[in-house]
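Engineer: Give the three-dimensional model of this entry:
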Amino acid sequence: MGNRRLIVPPVSLPVLIIMGLIFIIAFVFFSGAVMAAFEKLGIPPEVAYSLFLLALFGSFINIPVAEETSYEPVLKVREVRFFGIPYPVPVFDWEERKVIIAVNVGGAIVPVSVALYEILRMIYQGNWGLLFNALLAVLIAALFSHAVARPVRGLGIAMPFFLPPIIAIALGWLLGGSNPNAIAYISGTLGVLIGADLMNWNRIKRLGAPMVSIGGAGTFDGIFLAGIIAVLLV
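Structural biologist: Numbering: from 1, shown residues only. Just a heads-up that it's a prediction; the model follows:
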């Protein structure tokens with residue numbers, strides 16, 4: 001067993017070229033989809049491109065915002081001597097664990113900033129009816145996201161990938177009025193953030209992970225993609 005060697009066959013040049021082409025095609029398709037969604041929200045192309053780059057490179061940046069402490073029961077082994085002979089005895093104890101909660105720039109701050117921009121634009125335009133619908137849509141999406149989100153120990157808050165965009169699209173159609181794109185994006189982004197992450201704040205510290213990042217998957221996180229997909233399909 002100890003003398004076995006793992007032999008990895010070399011990757012040929014054609015395979016490397018094909019892999020590179022697939023990566024470039026996927027990047028162009030994904031960036032085009034994100035920019036198309038931002039432009040449907042009324043964001044100028046140059047700003048949309050800057051937001052996409054910020055979201056992409058911001059995916060690697062996590063900003064710590066809080067530190068939570070939890071106590072969990074653990075099983076330890078304590079040595080007990082009886083007539084000079086040591087015996088291992090299992091005992092229960094409580095262990096302190098700290099969890100750092102962070103916010104990802106690309107997966108949370110960028111999409112939330114765009115959603116807040118849309119809300120501020122409604123206020124600036126005095127479109128109070130649409131603003132009311134946007135807040136109602138966020139409330140519905142948050143309750144729905146909270147109902148389907150589940151804390152996964154060692155990982156974070158998980159939820160079915162396709163459900164948030166579907167509810168956001170439905171809310172865009174039902175409550176969007178003159179601007180269904182904005183309603184779909186706002187409810188898809190803020191609804192997931194509030195329902196899945198903020199409403200499960202007390203559970204986050206018991207996930208057993210040293211750090212939990214809201215929007216930590218960056219441009220592939222549910223907060224980011226729910227809004228983008230909803231806008232493209234509404």
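
Engineer: Quick check: the gap between W173 and N133.
Structural biologist: 12 Å (Cβ to Cβ, to the nearest Å). In this view, the C-beta of every residue, glycine as well, is placed from N, C-alpha and C.

Engineer: The two: which is more packed in?
Structural biologist: N133 (24 against 12; other Cβ atoms under 10 Å).

Engineer: and the nearest residue to that one once chain neighbours are set aside, what does it touch?
Structural biologist: Once flanking residues are discounted, N133 sits nearest to L175: 4.0 Å by Cβ to Cβ, 6 or more residues apart in numbering. Contacts here follow Cβ atoms under 8 Å, 6 or more residues apart in numbering; on that basis L175 touches N133, A134, L136, A137, I183.

Engineer: A137 now?
Structural biologist: A137 neighbours (Cβ under 8 Å, 6+ apart): A168, L171, G172, L175, I183, I186, S187, G191.

Engineer: what about the helix or strand hosting the first one, distance to the chain center?
Structural biologist: Secondary structure assignment for A168, by DSSP states H and E: helix 163-175. With Cα atoms, centre = their mean, to the nearest Å as the basis, helix 163-175 stands 18 Å off its chain's centre.

Engineer: got the contacts of L175 as a markdown table, with distance to F29, secondary structure and pLDDT columns?
Structural biologist: Shown next, in a markdown table, are the contacts of L175 (distance: Cβ to Cβ, whole Å; DSSP: H, G, I helix; E, B strand; the rest coil; pLDDT from 0 to 100):
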| residue | distance to F29 | secondary structure | pLDDT |
| --- | --- | --- | --- |
| N133 | 32 | helix | 95 |
| A134 | 29 | helix | 95 |
| L136 | 34 | helix | 96 |
| A137 | 28 | helix | 95 |
| I183 | 26 | helix | 94 |
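
Engineer: Show me which of those is closest to M159.
Structural biologist: A137 (17.8 Å; Cβ to Cβ).

Engineer: which residue sits closest to that closest one in space, ignoring its chain neighbours?
Structural biologist: Excluding its sequence neighbours, the residue lying closest to A137 (Cβ to Cβ, 6+ apart) is S187, at 3.8 Å.
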